[in-house]
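Novice: below is the sequence, then the predicted model.
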Amino acid sequence: MDSFELGDLSVKPGTIGKGSLASVRLSAGTQVASPVVVAHGVEPGPVLLAMGATHGDEIVGTAALIATLKALDPTTMRGTLIAITVANPLAFEHASYESPHDRLHMALPVRWPAAPQGLITQRLAASHLPAFEKATHYLDIHGNPDPSWPIAMLLPEQASTERVRKDQELIADATGLTRVRMTEPADASGSLVGSIAGQPAAAASAHGVAGVMLELVSRGSTTAAEMGRIAVMNTMRALGILDDEPEPQVVPRLEGVYQYHGGVVNQHAGIFWSKHLPGSDVDAGTVIAEITDVWGDTVEEVTVPVDGFLWGHLGTLYGNSTHAIPEGSFVGFVAARPEPGA
């Protein structure tokens, strides 16, 4: 078993190596880079790349990877885990969704093609490509604000081969989280978050690296780190990197594979009051929330458009997720219930 080489890192079998990927320089001369940790096993096997803080205000992915690394013994592993704990350090430092320097974020198509001489976020994204070139599988770990429901996103339309599609299914099932098949919605709600094909796990899958995107909960804190750790380590078990038994998740999942439907947008301004928490499977037309004005009068009842569930009451997605919302706010993602027997 050879040492694992990644950038300036050389990690011997049965050890953990820590370093950084290529850096960018800020105006005062400060250098910023994505931190990376490699846990390298003692026998050949798959290479799982896992990434946190693709969006800088979603530190739950960072916490999940740190918790995973603390729990690993590389002398019992086959294959390798590459953990990029902070994908976008520019946004991470500012607790912001996107980089404040160029208003780009890492869930845009900034890696394929790479732009190592492009804008500053593109340059950081290009530094991740050597890790993708080593990887056989990929987890992109995100987090929604509370209240929300954790999910694993399948991206079958972007899978380059049947093997990649099957590996997506294997990973998503292993995480123990509710599975949602992500395809472009028929209505305009898809434009609210951009093309699914541009998401990193989708783009990786299109380039032969089976990728799944996780949406955990409690995005700005470490409180859901254990949920993420279990998802990562169960994925490693399913891939044969670890030999021990899978662990149960901290929350039960909704069984079957749900289908992404799109987003829900409110029509009236006011205060958002949830009537069904995220993860509640309800019938189409069910009132899942009401909106009152600041005098307490109900001005809108928000309904779910299909049989299924919302996985987050997001409030103002690109603000601070407050539930005091103007009209035209993104109040949740919807997943449709699986067909009977599916």
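Specialist: That came in fine, so what should we check first?
Novice: what about the strands in the stretch 201-342 of the chain?
Specialist: 210-216, 257-265, 270-274, 287-292, 298-303, 308-310, 324-325, 330-336 (DSSP state E, counting those that start in this stretch).
Novice: among these, show me which one is buried the most.
Specialist: With neighbours defined as mean count of other Cβ atoms under 10 Å, the strands of the stretch 201-342 of the chain peak in mean count at strand 210-216, which reaches a mean of 28. (C-beta placed from N, C-alpha, C; glycine too.)
Novice: neighbouring strands of that strand in the sheet, and parallel or not?
Specialist: Sheet pairing of strand 210-216 (DSSP bridges) gives strand 137-143 (parallel), strand 151-154 (antiparallel).
Novice: report the angle between it and strand 330-336.
Specialist: 130 degrees (axes from the mean of the first three to the mean of the last three Cα atoms, to 10 degrees).
Novice: any weak-confidence spans in the stretch 101-250 of the chain?
Specialist: Where the stretch 101-250 of the chain drops to pLDDT under 70, the residues are 189-193.
Novice: can we see that at 90?
Specialist: In the predicted model of the stretch 101-250 of the chain, residues 184-198 satisfy pLDDT under 90.
Novice: hey, where'd the helices end up in it?
Specialist: Taking DSSP state H, counting those that start in this stretch, the helices of the stretch 101-250 of the chain run over residues 120-126, 129-134, 162-175, 200-206, 225-238.
Novice: hmm, back to that, mind putting the strands of the stretch 201-342 of the chain in TSV, distance to residue 48 included?
Specialist: Formatted as TSV, the strands of the stretch 201-342 of the chain follow (distance: least, Cβ to Cβ, whole Å):
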stretch	distance to residue 48
strand 210-216	10
strand 257-265	22
strand 270-274	36
strand 287-292	36
strand 298-303	39
strand 308-310	29
strand 324-325	38
strand 330-336	26
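Novice: right, so of those strands, which gets closest to residue 104?
Specialist: Shortest distance between residue 104 and these, using Cβ to Cβ, is found for strand 210-216: 18.2 Å.
Novice: send me that closest one as CSV with only the CA atoms.
Specialist: The C-alpha trace of strand 210-216 is given here as CSV (Å, rounded to 0.1, in the frame of the first residue of the first chain):
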residue,chain,number,x,y,z
ALA,A,210,-20.7,9.1,-7.9
GLY,A,211,-22.0,12.1,-5.8
VAL,A,212,-24.7,12.6,-3.3
MET,A,213,-25.7,15.9,-1.7
LEU,A,214,-26.7,15.8,2.0
GLU,A,215,-29.0,18.5,3.6
LEU,A,216,-28.6,18.2,7.3
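Novice: just name the most buried of the helices of the stretch 101-250 of the chain.
Specialist: Highest mean neighbour count among these (mean count of other Cβ under 10 Å): helix 200-206, with a mean of 25.
Novice: which residues are contacting that helix?
Specialist: For helix 200-206, contacts defined as Cβ atoms under 8 Å, 6 or more residues apart in numbering pick out 51, 54, 106-107, 109, 111-112, 132, 135, 138-140, 153, 155, 157-160, 164-165, 168, 182, 196-197, 210-213.
Novice: any idea how far residue 275 is from residue 132?
Specialist: 43 Å (Cβ to Cβ, to the nearest Å).
Novice: repeat that for residue 35.
Specialist: Per Cβ to Cβ, residue 35 is found 17 Å from residue 132.
Novice: per-domain residue ranges of this protein.
Specialist: Domain segmentation of the chain under automatic domain parsing yields 4-238, 257-336.
Novice: for the strands paired with strand 210-216, give me a markdown table that also has mean neighbour count.
Specialist: Putting the strands paired with strand 210-216 into a markdown table (neighbours: other Cβ atoms under 10 Å) gives the following:
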| stretch | mean neighbour count |
| --- | --- |
| strand 137-143 | 28 |
| strand 151-154 | 28 |
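Novice: which stretches of the stretch 51-200 of the chain form strands?
Specialist: Taking DSSP E, counting those that start in this stretch as the criterion, the stretch 51-200 of the chain contains strands spanning 78-84, 137-143, 151-154, 178-181.
Novice: okay, these in TSV with distance to residue 270 next?
Specialist: Listed next are the strands of the stretch 51-200 of the chain as TSV, based on distance: least, Cβ to Cβ, whole Å:
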stretch	distance to residue 270
strand 78-84	40
strand 137-143	26
strand 151-154	28
strand 178-181	29
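Novice: closest one to residue 282 among those?
Specialist: strand 178-181 (14.5 Å).
Novice: helices or strands next to that closest one in the packing?
Specialist: Counting contacts by 3 or more Cβ pairs under 8 Å, 6 or more residues apart in numbering; DSSP states H and E, strand 178-181 packs against strand 151-154, strand 257-265.
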